[in-house]
Structure formats: structure tokens, C-alpha cells
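>>> Can you look at this prediction? I've put the sequence above it.
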Amino acid sequence: MLSSQTQAVTIVRDPRETWEAVSILRASGATIGFVPTMGALHRGHLSLVEASLAECEHTVVSVFVNPTQFGPTEDLDKYPRDLERDAAMVRAVGDVRVFAPSVAAMYPDGFATTVRVGQEAAVLEGAARPGHFDGVATVVLKLLQIVPATHAYFGRKDYQQSLVVERMVRDLNVPTLVRVCPIVREADGLAMSSRNAYLSRENRERAAVLWRALQLAEALHTEGEADAETLRAAMAALIDAEGGVETEYIALLADGTVEPVERVEGPTVVAVAARVGTTRLIDNHTIG
């Protein structure tokens, strides 16, 4: 077992020790679920852990704030870090191992290799945050080398990230099955995110408009509206009316791609990014 007691948690910092433990289990034929996180865990993360526990015999959760996916003006330094809190949350869910490496262990002196994914990483979040998905793809590949899992679990909230990871795994023949799990939302519909903690009470209330806008797109489509530009304009008007929320983009994409659609004629992902005060949030919802 990765840990010896039910609902116990083992925290390991050494990549080699983690690789050896997981490799022994893989050699025995066991299934290994892996949940990569940057910590600041919430119920959305825990839903991924629960999915892994339900499907796999052993589960590993990584907690690593990856510096290479942050831009020079982004929130790396203030990103919340509380490993003991995160470990306690995981402990309450089940029997897992937490892998919490240092930056030096993941990026030793002289590190000079980057993974670059194609079109899935070039638009929307990729355009708004240059280099972000290079950092994501690189660290996920490194983590899957350290934790050679049979299954890896990602959240649907980061829709484009899941496409980038799926492309990287396919293109580089990584022998891990990628599972993308549903978005977990607050009572008012706001998608759970570690960055929600940055919101003031007033901005937290304003942020709920993103879910209302996504619901509006679904309602209009249900009533017969299929024109993507009309749906976009209606969402933008609703968000603008809230005040204090600055829309960066609203995109309607063919499900499973980053290809924009002109009309909703099948499963379509409506993706939105906005700034609420100084906090940047993303969300998405599938219609059609």
C-alpha cells in the first residue's frame, strides 16, 4: 500500500522515492490514480481525488505550485500555500499519498527543456497568458514520469488545459489514461477555484454573473437561438450590466476542440474569461 492506514496520508517530497513506490505497484499490476494540483485545495480538487479512489486501487495527489506556468506579472508569489491544510483535506477523503516536491527538485540548476503543444495551446488562454501552457505541459509530463500512473484526473473547469494535456499524452505516447471530471460549483454557480479566495465579498457576489451568463446562453439556445455572435453579445451585455466585471473573451467552441463555431449545431463549449476586480477567473459550460 502507498500508505498503511485507512484515511491516512503520507507526504513524500523526494521524486525518486515516489517513482520507486509507484513503479513497484505498477509492476504488481495495480491501478494508480494521479491528481496533480497546485494546492489551495477545495471541493473541486477533492472530487478528483474521489474519482481516483473510486476507479483505482491507489491514489497519489501532487501539491506543487509550478513557477513555469506563471507569467512575470501574475500571482506566483501570493499564490496560497498551506501543505498541512491540503494534507488534512486529503486525509478526510481517503487513503492517498501526497507528493510535494520542491522547486529545486523539479527544476534543478541548468534545466533547459520545455514541452510545447500545438493549436490547443495557441489561442484563448494561450494567447492571454504567453508561455502558460508550455509550463503546464512541461510540468505535467515531468509529474507523469515521476508518478507513472494508469489514470490521471483533471477538472473540466480548465477546459483548454485538459485539451492540452490530452494532446500531449497522445502525441508523446504517455501510457496514462486522462480523465476529465465535471466542474464543481458553489451554491450560486461560481466555479470553484483557488483564486476565488482573492475576491472581496463584493467581488465574490459579482463573480456569480459568469455562471448566469453561461446559463443565459443555454437558455437562449434552448429557445432556438443558434447564432454564436448573438449568444456572445447577450452574455457580454449581462456581464457588463453587473459592473466591476471586465470580460476578456467569450468563445463558442466545438466540444473537444478550440475551434470556434458560427452556429451551435452540436455539443458546443461556451468559454469565458473575465477579471473581477484584480482577480482573473475562467469558466465554461457545454450547450447544444
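Looks like it arrived, so ask away.
>>> can we go C-alpha only for contacts and neighbour counts from here?
Will do.
>>> okay, now A112: neighbour count?
7 (other Cα atoms under 10 Å).
>>> tell me the SS of it?
Of the three states, A112 takes coil under DSSP: H, G, I helix; E, B strand; the rest coil.
>>> mind listing the strands for the stretch 101-250 of the chain?
151-155, 177-181, 245-254 (DSSP state E, counting those that start in this stretch).
>>> Export those as JSON lines, with columns for mean neighbour count.
Below are these laid out as JSON lines (neighbours: other Cα atoms under 10 Å):
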{"stretch": "strand 151-155", "mean neighbour count": "22"}
{"stretch": "strand 177-181", "mean neighbour count": "18"}
{"stretch": "strand 245-254", "mean neighbour count": "20"}
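>>> quick one: the helices in the chain?
With DSSP state H as the definition, the chain shows helices at residue ranges 15-27, 43-55, 83-93, 103-106, 125-128, 132-146, 159-171, 201-207, 209-222, 228-242.
>>> Compare the ones you listed and give me the one nearest V258.
helix 159-171 (7.4 Å; Cα to Cα).
>>> quick revisit: and the helices of the chain as CSV, adding mean pLDDT, distance to L252 and mean neighbour count?
What follows is the helices of the chain, written out as CSV (pLDDT from 0 to 100; distance: least, Cα to Cα, whole Å; neighbours: other Cα atoms under 10 Å):
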stretch, mean pLDDT, distance to L252, mean neighbour count
helix 15-27, 98, 40, 16
helix 43-55, 98, 24, 19
helix 83-93, 95, 35, 16
helix 103-106, 98, 36, 13
helix 125-128, 97, 14, 15
helix 132-146, 98, 20, 20
helix 159-171, 98, 12, 19
helix 201-207, 97, 20, 17
helix 209-222, 98, 10, 19
helix 228-242, 97, 7, 17
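>>> how close does the residue nearest to the spatial centre of the chain sit to V103?
Geometric centre of the chain, nearest residue: D158, 4.2 Å, by Cα atoms, centre = their mean. Remark: distance between D158 and V103 (Cα to Cα, to the nearest Å) = 23 Å.
>>> related to what we said a few turns ago, out of the strands of the stretch 101-250 of the chain, nearest to S193?
That would be, of those and by Cα to Cα, strand 151-155, which comes in at 10.4 Å.
>>> Just checking: what are the partner strands of the closest one?
strand 32-37 (parallel), strand 177-181 (parallel) (DSSP bridges).
>>> Including mean pLDDT and distance to L231, could the strands of the stretch 101-250 of the chain go into a markdown table?
Shown next, in a markdown table, are the strands of the stretch 101-250 of the chain (pLDDT from 0 to 100; distance: least, Cα to Cα, whole Å):
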| stretch | mean pLDDT | distance to L231 |
| --- | --- | --- |
| strand 151-155 | 98 | 25 |
| strand 177-181 | 98 | 26 |
| strand 245-254 | 98 | 9 |
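>>> quick one, which of those is nearest to T222?
Nearest to T222, of the strands of the stretch 101-250 of the chain and by Cα to Cα, is strand 245-254 at 15.4 Å.
>>> elements contacting the closest one?
Judged by 3 or more Cα pairs under 8 Å, 6 or more residues apart in numbering; DSSP states H and E, strand 245-254 is in contact with helix 228-242, strand 268-276.
>>> can you put the ones you listed in TSV and add distance to E205?
As requested, the helices and strands packed on strand 245-254 are exported to TSV (distance: least, Cα to Cα, whole Å):
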stretch	distance to E205
helix 228-242	10
strand 268-276	10
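>>> Which one of the ones you listed lies nearest to S52?
strand 268-276 (25.0 Å).
>>> and the angle for that closest one with helix 209-222?
Angle between the axes of strand 268-276 and helix 209-222 is 150 degrees (criterion: axes from the mean of the first three to the mean of the last three Cα atoms, to 10 degrees).
>>> Of all the residues in stretch 254-274, which ones are buried?
254-255, 258, 261, 263-264, 268-274 (16 or more other Cα atoms under 10 Å).
>>> what's that stretch in contact with?
119-120, 123, 160, 163, 210, 214, 221, 226-229, 245-253, 280-288 (Cα atoms under 8 Å, 6 or more residues apart in numbering).
>>> Let's see that with 7 Å instead.
120, 226-228, 245-253, 280-288 (Cα atoms under 7 Å, 6 or more residues apart in numbering).
>>> burial count for the residue lying closest to V49 once chain neighbours are set aside?
Nearest residue to V49, sequence neighbours excluded (Cα to Cα, 6 or more residues apart in numbering): V35, at 6.4 Å. Counted with other Cα under 10 Å, the neighbours of V35 add up to 25.
>>> Please name the bridge partners of V35.
Going by DSSP bridges, V35 forms beta bridges with V61.
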